[in-house]
Each structure stands twice: as structure tokens, then as C-alpha cells.
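S.K.: With the input below, show me the fold.
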Amino acid sequence: MALSALHGLVPVRTGNEQIPCVEHDADLWFAQRPGELDLAKRLCQSCPLRAECLAAAIDRREPWGVWGGQIFVDGVVVARKRGPGRPPKTAAA
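M.R.: Sure thing, here's the model as predicted:
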């Protein structure tokens, strides 16, 4: 995903704020590996737009990615995303 794909989705302020999703490769915020998603979440913690980004993602019902320091999967905020190829987590019988 190119940076232009985030244009219009990330809240914009004027000023000298450092916005991690603009300064880093946008693919990181849509990665498949849990470690990369954890890195994106950590980078979001210092972002001055984190709260606005999360609120906007919830309003838009973002289907996936890291927004405002949270991971979205199928439009729902999840604590962790399982890696590709892993079977779904189910309760023990």
C-alpha cells in the first residue's frame, strides 16, 4: 500500500507534528505478521493524532490495519492478530 492510500484517511493538522504513518512505510500499518503490527502500534503511541485517528477509523468502520494504535480485523478492534496460516483460536472442549 502506498502512502497515497492513507491520504485523506489520517487526520491532518497544521504544524510540525511528526506523524509515524507518514514517516514510515505505510505497508507496516497493514502488515500480516504480528511482530510488524506490534511495531506499528508502538510507533502510534507517540503520535499526536492517535486519538483522532482511532475515532475516525471507528467511524469509518475500518476493516483492517493499525489505526490510532489499535489493530482492526474485520472492522473490530482486537488485542492481537494471529499470523497467516494459523488455525482459528477455539475454546477447548
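
S.K.: which residues does the residue nearest to Gln70 when sequence neighbours are not counted contact?
M.R.: Sequence neighbours aside, Val77 is the residue nearest to Gln70 in space, at 4.7 Å (criterion: CB to CB, 6 or more residues apart in numbering). All C-beta spots, glycine's among them, are computed from the backbone N, C-alpha and C. Counting by CB atoms under 8 Å, 6 or more residues apart in numbering, Val77 touches 58, 70-71.

S.K.: can you check Val73 too?
M.R.: By CB under 8 Å, 6+ apart, the contact list for Val73 reads 64, 81.

S.K.: Ramachandran coordinates for it?
M.R.: Dihedral pair for Val73: phi -130, psi 120, per degrees, to the nearest 10.

S.K.: Which parts of this structure are helices?
M.R.: Remark: helices assigned in the chain by DSSP state H are 20-23, 34-44, 50-60.

S.K.: In TSV: these, plus distance to Val66.
M.R.: Output for the helices of the chain, formatted as TSV (distance: least, CB to CB, whole Å):
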stretch	distance to Val66
helix 20-23	8
helix 34-44	4
helix 50-60	9
